[in-house]
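Q: How does the following fold in three dimensions:
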Amino acid sequence: GEILLEAGQASRALRYLQHSQKLAHQIGATEIELYANKLLGKCHLALKDTSKALSHLESALSLSRKINMKLEQSLCHKEIAETYKSLGEYQKALAHFEKFHHLDKEIFNEQSDRNLKQLQLLISDKSK
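A: Here you go, the predicted model:
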């Protein structure tokens, strides 16, 4: 489905992505279900069906929260913001963009903290 979507064949991709999403849900593969919902959202955007696109993107966002995947939460907020912007719903777009920006900053800070701690450990080990 993803390859077809990237090749500009959204209507053909839709069938495969729907099957993937359904199967992932049935077997409890939450990360795959999340990813399928994101791709279904993009697929529906390509087909100019923003209502279904938003529904799938919101589902992906909900799943990303459920399994605490901040990067995916951030990316979902960004996609949702861009969708609302294209609809002229600027208040909703701004709210999601702010959430995207906040999470993006949080992710960056967490990574920076991890990098700093690793560097401190290296320095500590070398001074012994």
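Q: Residue 17 contacts residue 40, doesn't it?
A: Yes. Residue 17 lies in contact with residue 40 (Cβ atoms under 8 Å); the separation is 4.9 Å. C-betas here are computed from N, CA, C, even on glycine.
Q: confidence score at the closest residue to residue 86 other than its chain neighbours?
A: Once flanking residues are discounted, residue 86 sits nearest to residue 50: 7.2 Å by Cβ to Cβ, 6 or more residues apart in numbering. Residue 50 carries a pLDDT value of 95.
Q: ok, so what distance separates residue 50 from residue 27?
A: Noted for residue 50: a distance of 30 Å to residue 27, by Cβ to Cβ, to the nearest Å.
Q: Have a look at these two and say which one is more surrounded.
A: residue 50 (17 against 10; other Cβ atoms under 10 Å).
Q: what sits against the more buried one?
A: 44, 83, 86-87 (Cβ atoms under 8 Å, 6 or more residues apart in numbering).
Q: again, 10 Å this time
A: Residue 50 sits next to 41, 44, 57, 83-84, 86-87, 89 when contact means Cβ atoms under 10 Å, 6 or more residues apart in numbering.
Q: Check these against residue 96 and report the nearest one.
A: residue 84 (6.4 Å; Cβ to Cβ).
Q: average pLDDT across the stretch of helix or strand that closest one belongs to?
A: For residue 84, the element it lies in under DSSP states H and E is helix 70-86. Averaged across helix 70-86, pLDDT comes to 96.
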